[in-house]
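*Asks:* After the sequence you'll find the predicted model.
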Amino acid sequence: MRRFLVLASILFAAPAALAQEANRLEMDTINQIAQCLVVGLPDDWLAAHMRVQLPSPGAITGGVSYLVARKDAEDKLEPFTPCNTDEPANLLIGLRATQAPERTGWVAARLVIERDGTFRVNYDFPK
């Protein structure tokens, strides 16, 4: 039941979180990622963090980390294991195909999903 509520919240929060750049594919992809992340989260989770680090702009592989903030320890992020350690990162990297050309050269992406279903994605670009 907990997973259903989180995923339903993400579906309804997605348009606001992605603002004007949202399209159906992006919303569906974030929902797929969330489904996988929620599987490995502890019951007292507040926010799930996924960070993808690429060696260079346009790279198709890189590193990924999964961290969770828990109730009563929001400042201390702990590692967790999603349903599959590669799939969420690959899905996020695949979103580049939907991005404007000037936004596809990112080298790091951070997805944070809050327990209430809101989320944010931030990208870092080379200097």
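*Replies:* Thanks, I have the structure now. What you see is a predicted model, and the numbers here were worked out from it, not measured in a lab.
*Asks:* So which residues of this protein form helices?
*Replies:* Secondary structure of the chain by DSSP state H: the helices cover 2-18, 24-39, 87-94.
*Asks:* Counting by contacts, list what the last one packs against.
*Replies:* Right, helix 87-94. Applying 3 or more C-beta pairs under 8 Å, 6 or more residues apart in numbering; DSSP states H and E, one finds that helix 87-94 contacts helix 24-39, strand 45-53, strand 63-70, strand 108-114. Any C-beta I mention is one placed from the backbone N, CA and C, and that applies to glycine too.
*Asks:* what angle sits between the shortest one and helix 24-39?
*Replies:* With axes from the mean of the first three to the mean of the last three C-alpha atoms, to 10 degrees as the criterion, the two stretches strand 108-114 and helix 24-39 enclose an angle of 70 degrees.
*Asks:* what does the model give F4 for pLDDT?
*Replies:* F4 carries a pLDDT value of 48.
*Asks:* The residue nearest to M50 when sequence neighbours are not counted - how many residues pack around it?
*Replies:* Among residues not flanking M50 along the chain, L111 sits closest, at 4.6 Å (C-beta to C-beta, 6 or more residues apart in numbering). Look at L111: counted by other C-beta atoms under 10 Å, it has 22 neighbours.
*Asks:* if I look at L111, how far off is A97?
*Replies:* For L111, the distance to A97 equals 17 Å [C-beta to C-beta, to the nearest Å].
*Asks:* Also R70?
*Replies:* When R70 is compared with A97 (using C-beta to C-beta), they lie 34 Å apart.
*Asks:* if I look at P101, how far off is S56?
*Replies:* Computed with C-beta to C-beta, the distance linking P101 and S56 is 16 Å.
*Asks:* Also L111?
*Replies:* Remark: distance between L111 and S56 (C-beta to C-beta) = 20 Å.
*Asks:* before we move on, the earlier item: more neighbours, R70 and A97?
*Replies:* Legend: neighbour count by other C-beta under 10 Å for R70 and A97, higher for R70 (17 against 8).
*Asks:* Kind regards, and thank you for your time.
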